[in-house]
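**Q** Make a model of this:
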Amino acid sequence: MRIGVEVGGTFTDLVAIGPDGVRVTKVPSTPASPDEGAFEALVRSGVSLAEVDDLAHGSTVATNAVLERKGFRTAFVTTRGFRDILLLQRHGRSRIYDLEYRKPRPVVDRADSFEVSERVLANGDVEHPLDVEEVTRELIPALGAGRYEAVGICLLNAYVNPEHEAALRDLLRAALPDTTISVSHEITREFREFERASTTTLSAYVQPVIDRYISRFQRRLADGGFAGRFSIMQSNGGRLPADAMRSAAVNALLSGPAAGVMGAARQAGRAGYGNLLTFDMGGTSTDVSVVTDGRPQLTHEFEIDGLPVRVPVIDIHTIGAGGGSIVWVDDGGMLRVGPRSAGAAPGPACYGRGGTEPTLTDAHVIRQTVRAEAFLGGRMAIDPEASRAAFEPIARRFGMSLEEAADSAIRVADANVVQAIQLISTQRGLDPRDYVLAPFGGAGPLHAARVAEDLGVTRIVVPPSAGVISAYGLIASDFTQFSSLTRRVIADDTAADVMREAFAQMRTEAVERARSMRLDGELVLELFADMRFVGQAFEVPVGFDPSELAGLSAQDVRDRFREAHHRVYFFRGDESKPVEFVSFRLGVTLPLAELPVLTETETGLPVDHEIDLFDDRRWWRGRLVSRARMRLGEEVVGPALLEDPTSTVFLPAGWVASRDDADNTTMIWRGRDA
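**A** Below is the predicted model:
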C-alpha cells in the first residue's frame with residue numbers, strides 16, 4: 001500500500017494505491033496547521049496506517065515560512081569583513097524604473113549577523129586559521145544570549161576548502177546543542193558568495209520549522225500504527241527519507257509543484273508521451289514546466305520572495321491564476337484576474353464561507369462548466385447564487401450579461417497562462433507545437449483546450465484523477481539527491497581528465513551519503529558540468545553519462561558544451577574561444593522498483609446526458625460524460641464536460657476526446673468545421 005499526501009493552498013490531496021485499487025481523497029487545507037489537513041485526508045481515505053508500506057508527503061510548510069516570515073530566530077556567521085553580504089546582495093534591480101525600489105529583505109537582519117576571524121584563499125590555501133579562542137570568547141556567548149534557534153554559517157571560499165566551516169560547526173554544536181547549525185559546504189558547495197550565503201541562511205531559517213513539522217507528523221503516524229517508509233518530496237523532483245530532510249530543508253521549498261510535474265510526466269509516459277508542457281492550475285496559482293524526453297528540465301537557481309536559492313530544482317514558472325483567483329478591475333478600467341486569491345479561507349463566494357469577491361471558480365459556476373451538484377464529486381455543496389451575486393458588479397461595470405462577464409474573466413486567465421507557457425518555451429527556443437499539453441490540478445483541465453488553441457498545440461493528454469496528480473507524483477517519484485562542487489579550470493587538453501577526477505571524488509561522497517540514508521539498491525548516477533566561454537558571467541549546464549567518461553576526449557567535452565550553448569544562445573563559437581569549467585553537479589537516484597499505476601475513479605453521479613454551457617460568448621448544447629465510463633477508443637465530440645471526482649475536463653467545440661489504455665483522456669483538435 002502506497003500513499004501520497006500533498007498539501008496545497010486550497011485543498012489537501014491524497015492518493016492511495018494498493019491491492020484493492022486506487023482511492024482518492026480531497027479535503028480543504030488548514031493553512032494554520034497543514035498537518036491537520038493531511039491527517040484529515042488520511043482519516044477520510046479509510047486506509048489503516050498499519051497497512052501502509054510507503055507514505056510520501058509534500059507541503060508548502062517551508063515555502064510559507066519564508067513568504068510569511070514565520071521561520072525561527074536565525075543568526076548568520078561569516079568571515080570578518082563580510083557581515084553585510086546579505087544586505088548588499090547584487091547590483092541588479094528587478095524593477096529598473098521603480099524609483100522606490102528596495103532590495104528584497106533577507107530573513108536575517110544585520111543585528112543578527114556575526115563575523116569570525118579566518119581566511120581561506122580562492123585556491124583553498126589557508127591564509128589565516130580560524131580563531132578558535134575568539135569563537136569561544138565572543139561568538140558563542142553572543143549566540144547564546146540571542147537565543148537563536150538556528151545558525152547559518154557561510155565562510156569565504158568554504159566551497160573549495162570547508163575546513164574552517166566544519167570546525168566552526170563542531171564548536172557551535174558542542175556549545176549550543178539545541179540550536180540547528182547549517183553550513184554552506186553541505187548545502188551548496190559553489191562559488192558566488194551572496195547566492196551561497198542566501199541559500200544557507202534560508203535553509204537555516206526553515207530547518208527548525210521542517211524539523212518540528214516532521215516530528216509531529218512522525219509521532220501521529222506512529223500513534224496510528226504506521227511502520228513503513230516515510231519520505232518527503234524535494235524541489236528537484238525526487239524524494240528523500242524524512243529524517244534526511246532534517247539537514248536539507250531548503251530542498252523542500254517547491255515540493256508540491258515538483259510532485260505535480262513528476263506525476264504528469266510518469267502518467268503521460270505510460271502512454272508514450274515524452275515531450276510535455278505541464279500545466280497545473282490549482283486553487284491559488286498556476287505552475288507551468290517543460291518535460292523533454294520524459295525528464296523535467298532542471299534549473300540550478302531560483303528565487304523565493306526575491307531571494308536567490310542555489311540548489312537544483314525543476315524549472316517551474318508560477319503565476320497567480322487559480323480557481324480562487326479574484327477577478328477585479330484595475331484603475332485603467334481593465335479586467336484582471338489574480339494574483340490575489342481567496343484561498344482556502346474564505347474561498348470563492350460559492351463556497352459559502354464568507355467570501356464575497358468574484359473568483360475564477362465562481363465564473364465557471366456561472367458558465368455551468370463547473371456543475372454545483374458535482375463539485376468534488378458531489379461531496380461539497382456550493383451556492384451558484386452567491387457566484388452570480390459576486391459577479392454582478394463586474395457585469396454591470398462592462399454592460400455585459402453575467403455569463404459574458406464570467407466568460408471574459410476566464411479568457412483573461414487563459415491569456416495569463418499562455419504568456420507563462422511562452423516564457424518557458426518560445427522564449428527559450430522551444431516550439432510549443434512540438435509538445436503535448438498536460439493539464440492537471442482542480443482547474444487545469446477546464447482551461448486546457450483554449451490555452452492549447454492559443455499556443456497552436458493540437459494534442460492534450462489529461463491524466464486520470466487530474467485534480468490529485470501531485471499526490472500521485474509523490475509516490476511515483478524516485479529517491480534523488482544532488483551534490484555540487486565548484487572547480488574553475490580551463491577546459492584545455494586535460495578537460496576529460498578534470499571531469500573524471502571530479503566525478504570520482506563526488507561519486508565516493510555521494511554514494512556514502514546515500515547509503516547512510518538507507519537508500520539500498522542499484523543507484524543511477526548522472527553528471528552535469530556548468531561550463532562557459534572564458535569571460536562570460538553565466539554558465540550553461542552540460543549533461544554527461546558517467547558510463548561514457550572513460551572514452552571521452554577533451555575535444556568531445558568542448559563540442560558537447562558548444563552544442564548546449566548553441567541550443568540556449570544560438571551561438572556555437574569556434575576553437576579560438578577558450579572554454580572553462582565552473583562547477584560540477586552529481587545526481588544520485590534510487591529508481592522505483594515498480595511504478596504505481598493510477599486509474600480513473602467513478603463519481604457515482606448521474607452522467608451521460610445533455611447539458612447547457614456557456615462558452616465563447618454563446619450558449620451551447622453539450623454532453624456530460626463520466627471519464628471513468630468512457631470506453632477505450634470511444635470518441636466524445638465537443639462541446640462536452642468530462643467529469644471525475646477531482647476535476648472537470650472542458651471539451652469545447654472543435655475538440656475530440658478519447659480514453660487511452662493508460663486511462664488518460666487524450667484531446668485532439670479537429671477544427672471548428674470537423
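**Q** where does the stretch 501-650 of the chain dip in pLDDT?
**A** 603-608 (pLDDT under 70).
**Q** As a check, name the ranges of all strands in it.
**A** Using DSSP state E, counting those that start in this stretch, the strands of the stretch 501-650 of the chain run over residues 524-533, 540-544, 579-590, 609-615, 618-626, 636-637, 640-644, 647-651.
**Q** Name the residues of the second one that come out as buried.
**A** Spelled out, that is strand 540-544. 540-542, 544 (16 or more other Cβ atoms under 10 Å). C-betas here are computed from N, CA, C, even on glycine.
**Q** Check the fifth one too.
**A** Of the residues in strand 618-626, those scored as buried under the neighbour-count criterion (16+ other Cβ under 10 Å) are 620, 622-626.
**Q** Ok, the first one next?
**A** Applying a neighbour-count criterion of 16+ other Cβ under 10 Å, the buried positions in strand 524-533 are 525-533.
**Q** Also stretch 412-420?
**A** Result for stretch 412-420 [16+ other Cβ under 10 Å]: buried residues 412-414, 416-418, 420.
**Q** moving C-terminal of the helix or strand of the chain with the lowest mean pLDDT, what's the next helix or strand?
**A** In the chain, the helix or strand scored least confidently by mean pLDDT, DSSP states H and E is helix 61-67, which has a mean of 83. For helix 61-67, the following helix or strand on the C-terminal side (DSSP states H and E) is strand 74-79.
**Q** So what touches that next one?
**A** 85-86, 107-108, 112-116, 118-119, 139, 143, 146, 148-156, 168, 197, 201, 204-205 (Cβ atoms under 8 Å, 6 or more residues apart in numbering).
**Q** From those residues, list the buried ones, please.
**A** For those, a burial check counting by 16+ other Cβ under 10 Å picks out 85-86, 107-108, 112-116, 118-119, 139, 143, 148-156, 168, 197, 201, 204-205.
**Q** Restricted to helices, list those residues.
**A** 85-86, 143, 168, 197, 201, 204-205 (DSSP state H).
**Q** Just name the closest of the buried residues of strand 540-544 to residue 268, please.
**A** Using Cβ to Cβ, residue 541 is the member of the buried residues of strand 540-544 that sits closest to residue 268, with 24.1 Å.
**Q** Settle this for me: the closest one is touching residue 564, isn't it.
**A** Yes: applying Cβ atoms under 8 Å as the test, residue 541 and residue 564 come out as touching, 7.3 Å apart.
**Q** Just to check, residue 89 is in contact with residue 194?
**A** Yes: Residue 89 lies in contact with residue 194 (Cβ under 8 Å); the separation is 5.8 Å.
**Q** Ends of stretch 2-17, what's the gap?
**A** Criterion Cα to Cα, to the nearest Å; first-to-last residue distance in stretch 2-17 is 5 Å.
**Q** cool, and stretch 48-57?
**A** Stretch 48-57 end-to-end distance (Cα to Cα) = 17 Å.
**Q** Give the buried residues for that stretch.
**A** Neighbour counts over stretch 48-57 (16+ other Cβ under 10 Å) mark 49, 52, 54-57 as buried.
**Q** for the record, mean pLDDT for it?
**A** Regarding stretch 48-57, the rounded mean pLDDT is 93.
**Q** Next, count neighbours for residue 276.
**A** Counted with other Cβ atoms under 10 Å, residues neighbouring residue 276 total 22.
**Q** Identify the residue spatially nearest to it, adjacent ones excluded.
**A** residue 291 (4.0 Å; Cβ to Cβ, 6 or more residues apart in numbering).
**Q** Now for the one you found: which residues touch it?
**A** Neighbouring residues of residue 291 by Cβ under 8 Å, 6+ apart: 261, 264-265, 268, 274-278, 297, 438.
**Q** Please apply the same query to residue 580.
**A** Residue 580 sits next to 488-491, 531-534 when contact means Cβ under 8 Å, 6+ apart.
**Q** Out of the residues you listed, the closest to residue 240 would be?
**A** residue 531 (28.2 Å).
**Q** partner residues bridging that closest one?
**A** The partner list for residue 531 in beta bridges (DSSP bridges) reads residue 540, residue 581.
**Q** separation between it and residue 587?
**A** Separation of residue 531 from residue 587 (Cβ to Cβ, to the nearest Å) stands at 17 Å.
**Q** Tell me who's in contact with residue 240.
**A** Applying Cβ under 8 Å, 6+ apart, the residues near residue 240 are 231-232, 234, 248, 251, 479-481, 517.
**Q** just residue 113 next, same as before
**A** Contacts of residue 113 by Cβ under 8 Å, 6+ apart are 75-78, 83-84, 86.
**Q** what does residue 565 give?
**A** 533, 540, 571-573.
**Q** give me that answer again for 7 Å
**A** 540, 571-573 (Cβ atoms under 7 Å, 6 or more residues apart in numbering).
**Q** Kindly tell me how buried the closest residue to residue 263 other than its chain neighbours is, as a neighbour count.
**A** Counting by Cβ to Cβ, 6+ apart, residue 263 lies nearest to residue 473, which is 2.7 Å off, once chain neighbours are set aside. By other Cβ under 10 Å, 33 other residues sit near residue 473.
**Q** Quick check: residue 473 is in a strand.
**A** No: assignment of residue 473 by DSSP: H, G, I helix; E, B strand; the rest coil gives helix, placing it outside any strand.
**Q** Might you report the residue contacts of it?
**A** Applying Cβ under 7 Å, 6+ apart, the residues near residue 473 are 259-260, 262-263, 266.
**Q** Look at it and report its pLDDT.
**A** Residue 473 is given a pLDDT of 94.
**Q** And for residue 60?
**A** For residue 60, pLDDT reads 79.
**Q** can you pull the contacts of it?
**A** Contacts for residue 60 (Cβ under 7 Å, 6+ apart) come out as 7, 9, 256.
**Q** same deal with residue 584?
**A** The contact partners of residue 584, taken as Cβ under 7 Å, 6+ apart, are 484-485, 487, 502, 506, 527, 529.
**Q** Among these, which lie within helices?
**A** Secondary structure from DSSP H places 502, 506 of the contacts of residue 584 in helices.
**Q** so which of the contacts of residue 584 would you say is closest to residue 125?
**A** The closest of the contacts of residue 584, once distances to residue 125 are taken by Cβ to Cβ, is residue 487, at 15.4 Å.
**Q** The closest one touches residue 581, doesn't it?
**A** Yes: counting by Cβ atoms under 7 Å, residue 581 is a contact partner of residue 487 at 6.0 Å.
**Q** coming back round to it: I'd like to know which of the contacts of residue 291 is nearest to residue 356.
**A** residue 278 (33.2 Å).
**Q** how about the closest one, phi and psi?
**A** phi -80, psi 140 (degrees, to the nearest 10).
**Q** And it, how far from residue 8?
**A** Distance from residue 278 to residue 8, by Cβ to Cβ: 16 Å.
**Q** Could you do residue 125 as well?
**A** Counting by Cβ to Cβ - residue 125 and residue 8 are separated by 49 Å.
**Q** and if you look at residue 641?
**A** 23 Å.
**Q** Equivalent analysis for residue 582, please.
**A** 36 Å.
**Q** re the thing from before, cross the contacts of residue 473 against helices and list the overlap.
**A** 259-260, 262-263, 266.
**Q** Compile these into CSV and extend it with columns for neighbour count.
**A** CSV is the format used below for the ones in helices among the contacts of residue 473 (neighbours: other Cβ atoms under 10 Å):
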residue, neighbour count
259, 32
260, 32
262, 28
263, 31
266, 23
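**Q** And the helices in the stretch 251-400 of the chain, which stretches?
**A** 255-269, 360-367, 384-398 (DSSP state H, counting those that start in this stretch).
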